[in-house]
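> just the structure for this:
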Amino acid sequence: MIRTRPTEQGVQAPPQNLTRRVLTSKQTRLGLIMLVTMILFAIIGPFLTPHSPTAVIAKPYASPGDGLLLGADSLGRDIVSRILSGGINLTWMGIAATAGGVILGTAIGLVAAFAGGIVDTLLMRVVDVLLTFPTIIMAILFISMVGPSRWILVVLVAIGLTPGMARVMRGAARPVMRREHVMWARTIGLSSRHILMREVLPSVTSPLMVEIGLRLMWSVVGLASLSFLGFGVQPPDADWGLMVSENKDGLAIQPLAVLIPAACVALFTIGGNLFAEGAARVIGRTEGARS
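Numbers count the residues shown, from 1 in each chain. The predicted structure is shown next:
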């Protein structure tokens, strides 16, 4: 007797159709444009600097003029050069931390939903413990003990993103485990890896898309905050969060040294928030129309 695979009628739109609907939303497109623009700005910026971002070429807090488009910062370094150079570390570290947190959190959430029982209970108790530790405080404690390191920051922020991600993906995957196509795959003895990757994961792409945007936003804010507090990127390297911290005392004299890097961080995070919120609205309307 030939056993045929059950279909998923009336359960969820195909991923390619859902992606197309998400990208047709004006809010989602605006958020995506802002994200891509800021990422390209951060990547290309270091190649466009008119001066070395660490070179002292003017008086502290010099006003715009004399070859300095936006003036100088607290040490007399060119603000334009430091802004152009200040996004690359925040960008790659934010993307890497987001990728690590999303992958690890998704894996934990899917395994917990798939295994159930004692495995689910143990994993969620570990997640609950991690949720009690604020990411910023945990990062400050570790950096204080081992010293500043960019990769350590990436790992710490990724760990901080993991518990929330695991909770969301577990909640999204549990109803999927009761669907016919997943039960059919378990009945015929397909491997757990095959079931999770081919049967379950495609069915939870909706919350996954939303969470990626949110986690990227939180990663950027967290890393910029750590640099502002002195536990992230270290001087004399340029970083948007560090620039705000270095020049905050001269805000009344040279506000551009603070406002422009702060605006860059804001645009980055607003873009991620618009994308995530827009995607959530489209997905919510799609799910509501199918229910």
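> the strand or helix carrying residue 124 - contacts with which helices or strands?
Using DSSP states H and E, the element containing residue 124 is helix 117-131. Secondary-structure packing of helix 117-131 (3 or more Cβ pairs under 8 Å, 6 or more residues apart in numbering; DSSP states H and E): helix 88-115, helix 150-176. Using the backbone N, CA and C atoms, a C-beta is placed for each residue, glycine as well.
> now do the strands in this protein.
When secondary structure is read from DSSP state E, the chain shows no strands.
> in it, which residue is closest to the centre?
The geometric centre of the chain, computed from its C-alpha atoms, lies nearest to residue 216 (Cα atoms, centre = their mean), at 1.3 Å.
> surely it meets residue 93?
No: counting by Cβ atoms under 8 Å, residue 93 is not a contact partner of residue 216; they are 11.3 Å apart.
> residues touching residue 216, list them.
For residue 216, the residues meeting the contact criterion (Cβ atoms under 8 Å, 6 or more residues apart in numbering) are 35, 94, 95, 98, 272.
> need the buried ones from these selected in ChimeraX.
In ChimeraX, this line selects whichever of the contacts of residue 216 come out buried by 16 or more other Cβ atoms under 10 Å:
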select :35,94,98,272
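> any chance of the contacts of residue 216 in TSV, with pLDDT and distance to residue 132 too?
TSV is the format used below for the contacts of residue 216 (pLDDT from 0 to 100; distance: Cβ to Cβ, whole Å):
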residue	pLDDT	distance to residue 132
35	91	31
94	94	24
95	93	27
98	94	22
272	86	25
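> of all the contacts of residue 216, which comes closest to residue 228?
The closest of the contacts of residue 216 to residue 228 turns out to be residue 94 (Cβ to Cβ; 14.6 Å).
> so what's the closest one up against?
If a contact means Cβ under 8 Å, 6+ apart, then residue 94 has 216, 219, 220, 223, 268 as its contacts.
> quick one, helices of the stretch 151-291 of the chain?
180-187, 192-194, 205-229, 240-247, 256-290 (DSSP state H, counting those that start in this stretch).
> quick one: closest of the ones you listed to residue 25.
That would be, of the helices of the stretch 151-291 of the chain and by Cβ to Cβ, helix 256-290, which comes in at 4.6 Å.
> tell me which residues of that closest one are tucked away?
Burial within helix 256-290, assessed by neighbour count using 16+ other Cβ under 10 Å, is assigned to 256-258, 260-262, 264-265, 268-280, 282-283, 286.
> do stretch 180-190 as well
181, 182, 184, 185.
> cool, stretch 62-72 as well?
Buried positions in stretch 62-72, judged by neighbour count with 16+ other Cβ under 10 Å: 62, 68, 70, 71, 72.
> ditto for stretch 30-40
Of the residues in stretch 30-40, those buried under the neighbour-count criterion (16+ other Cβ under 10 Å) are 31, 32, 34, 35, 38, 39.
> for that stretch, give me every contacting residue.
When contacts are taken as Cβ under 8 Å, 6+ apart, the neighbours of stretch 30-40 outside the stretch itself are 23, 87, 91, 95, 213, 216, 264, 267-268, 270-278.
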